[in-house]
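Enquirer: here you go, sequence then predicted model.
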Amino acid sequence: MRETDYLGADRLSALGDTAVLVVDACRWRKPIAPVQAIVIGIDREGTLPAIDEQAFDVLLTVCNGAPRPWLSLEPENFDKNVAKISAAAEANPIAATIGAQILRLASGLNLRDALQVESLAYSTLLGGTEFRRWQDTTKRGAPIAVSADPVVFLRDGNQITLKLNNPQNRNAMSATMRDALYEALANILDDPTKPEVILTGEGKCFSTGGSLPEFGTAHDLAAAHVTRSLHSCATALDALGDRAAVRFHGACIGSGIEIGAAAYRRIATPEAWFQLPELDMGLIPGAGGTATIARAIGRHRTMWMFLSGKRIGASQALEWGLVHVIENQR
């Protein structure tokens with residue numbers, strides 16, 4: 001594989017015969033020609049060999065409690081779990097390999113630029129066959145009812161609380177809620193008194209992410225990218241610096257973690273859990289996750305969350321650095 005030439009690299013892609021490479025981490029060397037295929041490095045012995053981590057998209061080991069960028073899997077289920085994420089990538093190879101490429105690119109960019117790259121890729125995938133297949137096979141229901149105040153703004157002295165406020169729909173991030181949140185954050189950024197802000201969610205969970213009935217409703221995908229960039233809540237939250245905090249509770253899915261991960265301080269309640277479900281839809285995270293989550297936990301573990309679609313509990317999120325502290329709801 002080391003001698004793969006540029007023409008030969010074509011097959012190591014979503015349009016070739018190999019979208020996923022599962023390789024022995026200690027023996028693998030990055031090919032001379034760049035490949036689009038996802039490279040999953042495995043450590044069956046649990047020795048955590050010295051490697052060039054940039055040559056891999058995911059690193060899996062049987063070593064318990066392995067440090068970043070490795071992800072520890074139970075030895076008895078190791079092969080089964082490797083097969084599952086490989087199958088998930090092969091089911092939507094274009095979205096999966098583009099996700100890997102965006103994560104590779106984002107690791108060398110500042111947050112704002114990384115979010116721009118993600119948005120461009122996301123708009124591209126909205127026009128793809130994998131997303132269209134999901135649309136054709138998924139019942140998404142009617143558009144959800146949106147609260148008259150989708151984001152509640154409360155101020156006490158120099159402390160502002162922003163509360164996602166559509167609990168009957170689990171704070172699904174509709175376009176209306178996203179725009180209201182961005183407007184609130186923009187107003188705080190423009191406030192000369194420089195207040196502190198904490199972002200929370202009303203009801204049983206922080207947010208279950210994008211409103212499913214709205215997926216695929218944008219007809220002008222170029223304009224959708226421009227809108228997504230102009231109203232990037234992750235960019236605004238990051239711009240607040242150490243004045244911004246978020247409190248996660250319950251389900252934090254898709255944009256329900258991607259936006260909040262941009263906050264300087266991230267708090268979770270003990271029952272909070274986190275998930276990236278976009279690959280099953282033929283998409284990548286589109287609210288900032290390839291940049292915000294990767295900045296918090298590294299691109300290799302972010303890629304694993306993306307490929308596996310598995311839930312991460314509060315304790316694991318704390319261990320990885322996705323959140324900074326676990327506190328009971330107050």
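Expert: Thanks, I have the structure now.
Enquirer: from here on, just use CA atoms for contacts and neighbour counts.
Expert: Fine.
Enquirer: so for Asn64, what's the nearest residue that isn't a sequence neighbour?
Expert: Spatial nearest neighbour of Asn64, chain neighbours left out: Ser72 (5.7 Å); criterion: CA to CA, 6 or more residues apart in numbering.
Enquirer: should've said Leu318
Expert: Using CA to CA, 6+ apart and skipping the chain neighbours, the partner closest in space to Leu318 is His324 (5.9 Å).
Enquirer: tally of neighbours for the residue nearest to Asn64?
Expert: Ser72: 19 surrounding residues under other CA atoms under 10 Å.
Enquirer: do Trp28 as well
Expert: Neighbour count of Trp28, defined by other CA under 10 Å: 18.
Enquirer: same question for Val22.
Expert: A count of nearby residues for Val22, using other CA under 10 Å, gives 17.
Enquirer: ramachandran angles for it?
Expert: The phi/psi pair for Val22 (degrees, to the nearest 10) reads phi -100, psi 120.
Enquirer: do the same with Val20
Expert: Taking degrees, to the nearest 10, you get phi -130, psi 130 for the backbone angles of Val20.
Enquirer: for Ile297, see how far away the most centrally placed residue in the chain is.
Expert: For the chain, the residue nearest the mean C-alpha position is Gly289 (3.1 Å; CA atoms, centre = their mean). Using CA to CA, to the nearest Å, Gly289 is found at 11 Å from Ile297.
Enquirer: ok, now Thr61?
Expert: From Thr61 to Ile297 the distance is 17 Å (CA to CA).
Enquirer: look at these two and report which has more neighbours.
Expert: Shown here are Thr61 and Ile297; by other CA under 10 Å, Thr61 has more neighbours (24 against 19).
Enquirer: contact partners for the more buried one?
Expert: Applying CA atoms under 8 Å, 6 or more residues apart in numbering, one finds that Thr61 lies in contact with 42-46, 48, 70-73.
Enquirer: neighbour-wise, which one of those residues leads?
Expert: Neighbour counts for the contacts of Thr61 (other CA under 10 Å) peak at Ile42, which has 25 neighbours.
Enquirer: that residue in helix, strand or coil?
Expert: Counting by DSSP: H, G, I helix; E, B strand; the rest coil, the backbone at Ile42 sits in strand.
Enquirer: correct me, but it touches Leu59?
Expert: Yes: Ile42 lies in contact with Leu59 (CA atoms under 8 Å); the separation is 5.9 Å.
Enquirer: next, show the common contact partners of those two.
Expert: With contacts defined as CA under 8 Å, 6+ apart, the residues shared by Ile42 and Leu59 are Ala25.
Enquirer: can you list the buried residues in whichever strand or helix holds Ala223?
Expert: Per DSSP states H and E: Ala223 is located in helix 221-230. Using 16 or more other CA atoms under 10 Å as the test for burial, helix 221-230 gives 221, 224-225, 228-229.
Enquirer: can you get me a residue count around the residue nearest to Leu318?
Expert: His324 has 16 neighbours, counted by other CA under 10 Å.
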